[in-house]
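K.L.:
generate coordinates for the sequence data below:
(2 chains)
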2 protein chains.
Amino acid sequence: MPEYKAPLRDMRFLLHEVFDIADHYRRTGYPEVGAEDVDAVLSEGAKFCEEVIAPLNASGDAEGCHWEGGKVTTPKGYREAYAAYREAQWGSISSDPEYGGQGLPQSLELFFNEMAVTASTSFRLASGLSMGAVHVLEQHGTDAQKRTYLPKLISSEWTGTMCLTEPHAGSDVGILTTSATPDGDDAYRIQGTKIFITYGEHDLADNIVHLVLARLPDAARGAKGISLFLVPKFLPGPDGSPGEPNGVHCASIEHKLGIHGSPTCVLNFDNAKGFLVGPPHGGLRCMFTMMNYARIDVGMHGLGQAERAFQGSVAYARERLQFRAPDGPVLPDKRADPIIVHPDVRRMLLTQKAVSEGCRALSYLAAMQLDVEHRHEDADARQAGGELLAFLIPITKGMLTEAGFEAANSGIQVFGGYGYIRETGMDQYMRDCRITSIYEGTNAIQANDLLGRKVLGSDGALLRRFGALIDELCDATQGNSQVAPLSKQLRAVNADWQALALRIGGRVADSKAELGAAAFDFLMYSGYTALGYLWLRMGHVAATRLAEGAADRAFYEAKIKTARFYFARLLPRTAAHSAAIDSGADNLLALAESDFIL
Amino acid sequence: MPEYKAPLRDMRFLLHEVFDIADHYRRTGYPEVGAEDVDAVLSEGAKFCEEVIAPLNASGDAEGCHWEGGKVTTPKGYREAYAAYREAQWGSISSDPEYGGQGLPQSLELFFNEMAVTASTSFRLASGLSMGAVHVLEQHGTDAQKRTYLPKLISSEWTGTMCLTEPHAGSDVGILTTSATPDGDDAYRIQGTKIFITYGEHDLADNIVHLVLARLPDAARGAKGISLFLVPKFLPGPDGSPGEPNGVHCASIEHKLGIHGSPTCVLNFDNAKGFLVGPPHGGLRCMFTMMNYARIDVGMHGLGQAERAFQGSVAYARERLQFRAPDGPVLPDKRADPIIVHPDVRRMLLTQKAVSEGCRALSYLAAMQLDVEHRHEDADARQAGGELLAFLIPITKGMLTEAGFEAANSGIQVFGGYGYIRETGMDQYMRDCRITSIYEGTNAIQANDLLGRKVLGSDGALLRRFGALIDELCDATQGNSQVAPLSKQLRAVNADWQALALRIGGRVADSKAELGAAAFDFLMYSGYTALGYLWLRMGHVAATRLAEGAADRAFYEAKIKTARFYFARLLPRTAAHSAAIDSGADNLLALAESDFIL
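P.N.:
Alright, predicted model coming up:
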């Protein structure tokens, strides 16, 4: 079974050498968080994720969760690991110190999160959802709600959920029908069924705080008639401890393709007592408070499986002996050479490497904009950071989960027949990854968000601004002989990207269907271009370090070589996506609904 | 749970309208097999596959196989269905009448096979492997072996296996170590362990005939020292019925990602009695007798999952209501419109449709070359058919499994969160499909076979010949206004393909590593081009039928629209593959083995 080793060298390269995280924290209101502090969190976090969380990944997958009479039992070892997580206070990194949080940057929490979710996505989801609840309550809770719930959530004594989906209302949350009826004393009675609720019921914590979308009696139809309610599993007593059980019942858990250690629950709210969070009918906006953070988080679920598959594949490719190297034996005393000598195996390994490291860089860039948007010293910078964040979110979520899936799936192929066998663990990475293109907004939703709201909705301004960042980078790198050809290639891709968006805009003006027809391929085009930006940036930094005579030459040379691989073999995929986009909506709309199968 | 409906209309379109199968059979020694006979086999076969096999697909997946003390129990219902299969003689279609076969064309058997493997790959594997054994024995068995084993295999009383893989020898079969020691009377003693043996042990038939690759004492190292042995589970007695147990023991079965209903066995051969098939040290060549047929068969496993996912996705997309159509409600009385109205959902459905129907056409074209190679009245035609077959085999196996996987995987996405839930059955298609890129020669093996043996090994002759077929088709279709733009596009892609191969050839002359560096992307490029050829051919036939005033206009119009979709949105992927190929091997070889993870 491949072990997880947190990629600390790569993380430090990004944070210190590419992004200058200490300077970033100085400007975003965290002057006390220096490079050493970041390293300390990463090192301690890595140790915890490697030693406590990672060992549960395979066993949790094999065992799964159990439901009986409304109670859910998580896999063996989860309770102890969760207790250790609570004890070490890994759930409080970025939370408000007034309620027990450590008051550190959200980005730092996400850097830790990458390791946690990679060590075991299923285990991480128990606490990951709590953070969303904390963010929502920090921003929209009443003082009393904050006092009652935040300390328990931040300390990980209790966990949180997000209850959006109903059997008939998935992506289209606007048609949900769960109802909330006023019941005096600021309380409401919640009635309805929610499905696909991650850790909606479990045995890890004393209480569960459900954040539930529902409709008030006077609500308008659609998304504008949705309000947000806090519905605790146990109603807190006067001393704040879990008291009377509330009317929330876990009717079953799903049998899923993957993330078996994470219970996915059907929750029946039967006259459950709930408390309004934020303004009436303002529920979606409140819930969306945590969406940017949550979408980076889910992107990291995808990245994490790519990273696991990469680590497992490289280890196997170094050990497994099959055939001889193209230019003759490298291990003449053995009956065959390790498969890492074969160009096609290297193609898969390098794809995994380029995806994992490139996606990590993209997710860190996005995570840092959370700090900039909320805390930068300069108002214009806050505005710009927020806009960059808005633009990067769908790309990050979409690309980390799509490319992450490809990389995770390649792990099976590198292992050959053994990859199809459960014991090697490779199939789990692919299965656990597969949900990431679906939850927290399917990638079609991300694609529409990117093209519709972010690009066309800003009349192209957000795209042009990111394009200007790319051009700046191309200007800065065109004289660096190590990466100059990449710089030139990226400048051309960027120009094509901008022109492509203009062409789409023209077509969408004629017909709204053109938006949905272009959106997914535009998301992928954007994802490859964004990774190109980050690979050029990383390659440039690496080349600069080498020119400065830095030690650790192999690391920097590997970065440059991987950048070249990315530009040679993955970035050209943009051509296929732009051709598909330019073909327009007609080829999608021509077929009558009834004629798909005749 | 989506039901399987055999795509008879599409199959008949291909066989009668595109390929003129009756004329083909007239020229390949089957003048008695007319169009109605083909239809009768298809109709009866469809009924059997839909009613007897398909109902076992989901239940077999959920239950899996059980191993205890060397015995394997297949899922509930398998025994009865296998008995019905045997009773109806579905396993004897193309076999030699001298031994009880029906003497019909191999292609016809494969058309039936497509339905069987789509209805349930796991169930189909029980009998699918027997056919390989029959082909090997028909060609290479002694008269006594034929008399003893063929009637039982052909009647499906017994089943067959192929025992190649050993723990250390997967793709690299040449390093296998199982030994065969002469034991008088034409018998040998077989010693060794084989893994990943499909239906190596089971409870469906009275006996199992293992075809085992092993080394004689005086064998050379490598692939040239491998011989083929027939090793029955029970040694046939004087009356031919299963007698004394042989030294073959099923040590365990694998826990796999998919095809749970098919037992994948570890077989220990412990002094087992075996009989040489074919010449000493000629085992690989004998085994490869059935490889072309088997690779079309496995391609159809991939196609089958694409077809199942397509059928399930279309049904769901017509029912599931989410959001409104881009240009306003189409079901104003409902709270939302069916998701088939959304361009992005149509993109996925049309990809599934274009892949399923295009891959079906490709596999039929390949299957028909089996008849041509073996039985055409004209010697030159036999030679040409054999060469076309040799060229199409790796493309068919590679493309049906790679594109098939994409299409099967899209089924999960169309279903959204429900796609990740086992009960909807969509994940099974993806899981069952995933093995097809691995077994019967991984797709890297196919890629090397295509580029190395077939293209470069013929100095480009086989590629040029298929290219000439494409140009002929482009000549014939350029005047058909319905498909003329596609004709023009395909001519250009074909020219690029030919030029690409020349460039690769030049580089391979300098360095052998260039072959492996280009092979997989060349396979994909070839796959998309071959599907382009078949989509143009199908579109042209459909347009011709429409011009002739045929009934069933919706069917033909759907063909043309799907062809246009394919050319607009899938064929342009060749650009990404050719860019990757032209980047050469350097970007794959630059990184030292030790530097993949630092």
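
K.L.:
in the stretch 201-350 of chain A, where is pLDDT below threshold?
P.N.:
For the stretch 201-350 of chain A, no stretch has pLDDT under 70.

K.L.:
can you show me the helices along it?
P.N.:
A:283-287, A:291-319, A:343-375 (DSSP state H, counting those that start in this stretch).

K.L.:
of all these, which one comes closest to B:Asp23?
P.N.:
Within these, the stretch nearest B:Asp23 is helix A:343-375; the backing value is 40.8 Å (Cβ to Cβ). Just so you know, the C-beta spots here come from the backbone N, C-alpha and C atoms, and that holds for glycine as well.

K.L.:
that closest one close to chain B?
P.N.:
Yes: using Cβ under 8 Å from any Cβ of the partner chain, helix A:343-375 reaches chain B at A:343-347, A:349-350, A:353.

K.L.:
how much space between A:Gln322 and B:Ile445?
P.N.:
11 Å (Cβ to Cβ, to the nearest Å).

K.L.:
quick check: neighbours shared by those two?
P.N.:
In the contact map built from Cβ atoms under 8 Å, 6 or more residues apart in numbering or on different chains, the residues linked to both A:Gln322 and B:Ile445 are B:Ser171.

K.L.:
need the helices of the stretch 201-350 of chain A in a markdown table (columns: mean neighbour count and distance to B:Ile438).
P.N.:
Below are the helices of the stretch 201-350 of chain A laid out as a markdown table (neighbours: other Cβ atoms under 10 Å in any protein chain shown; distance: least, Cβ to Cβ, whole Å):
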| stretch | mean neighbour count | distance to B:Ile438 |
| --- | --- | --- |
| helix A:283-287 | 22 | 42 |
| helix A:291-319 | 26 | 14 |
| helix A:343-375 | 25 | 13 |
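
K.L.:
what sits closest to the residue of the stretch 101-250 of chain A found nearest chain B if chain neighbours are left out?
P.N.:
Of all residues in the stretch 101-250 of chain A, A:Asp172 sits closest to chain B, at 4.0 Å by Cβ to the nearest Cβ. Among residues not flanking A:Asp172 along the chain, B:Gln322 sits closest, at 4.0 Å (Cβ to Cβ, 6 or more residues apart in numbering or on different chains).

K.L.:
cool, A:Glu377 as well?
P.N.:
In space, and not counting its chain neighbours, A:Glu377 is closest to A:Arg27: 5.6 Å by Cβ to Cβ, 6+ apart.

K.L.:
could you report the distance from the one you found to B:Leu14?
P.N.:
In terms of Cβ to Cβ, A:Arg27 sits 65 Å off from B:Leu14.

K.L.:
try A:Gly237
P.N.:
On the measure of Cβ to Cβ, A:Gly237 and B:Leu14 end up 71 Å apart.

K.L.:
ditto for A:Ala309
P.N.:
38 Å.

K.L.:
likewise A:Gly467?
P.N.:
47 Å.

K.L.:
and A:Leu536, by the same measure?
P.N.:
With Cβ to Cβ as the criterion, A:Leu536 and B:Leu14 are 48 Å apart.

K.L.:
who has more neighbours out of these two?
P.N.:
A direct count of neighbours by other Cβ atoms under 10 Å in any protein chain shown for A:Leu536 and B:Leu14 places A:Leu536 higher, at 26 against 23.

K.L.:
residue contacts, that one?
P.N.:
Counted by Cβ under 8 Å, 6+ apart, A:Leu536 has contacts A:473-474, A:477, A:483, A:486-487, A:490, A:563, A:567.

K.L.:
surely it is in a helix?
P.N.:
Yes: A:Leu536: assigned to a helix according to DSSP: H, G, I helix; E, B strand; the rest coil.

K.L.:
any idea how far A:Asp471 is from it?
P.N.:
Distance, A:Leu536 to A:Asp471, using Cβ to Cβ: 11 Å.

K.L.:
what does stretch A:502-516 contact?
P.N.:
With Cβ under 8 Å, 6+ apart as the criterion, stretch A:502-516 contacts A:444, A:448, A:451-452, A:455-456, A:460, A:518, A:522, A:581-582, A:584-585, A:588-589, B:326-327, B:342-344.

K.L.:
for stretch A:345-357, same thing?
P.N.:
Applying Cβ under 8 Å, 6+ apart, the contact partners of stretch A:345-357 are A:7, A:10, A:303, A:306-307, A:309-310, A:313-314, A:317, A:339-340, A:403-404, A:406-407, A:410-411, A:413-414, A:531, A:535, A:538, A:559, A:562, A:565-566, A:569-570, B:444, B:517, B:520, B:587-589, B:591, B:596-597.

K.L.:
thanks a lot, catch you later.
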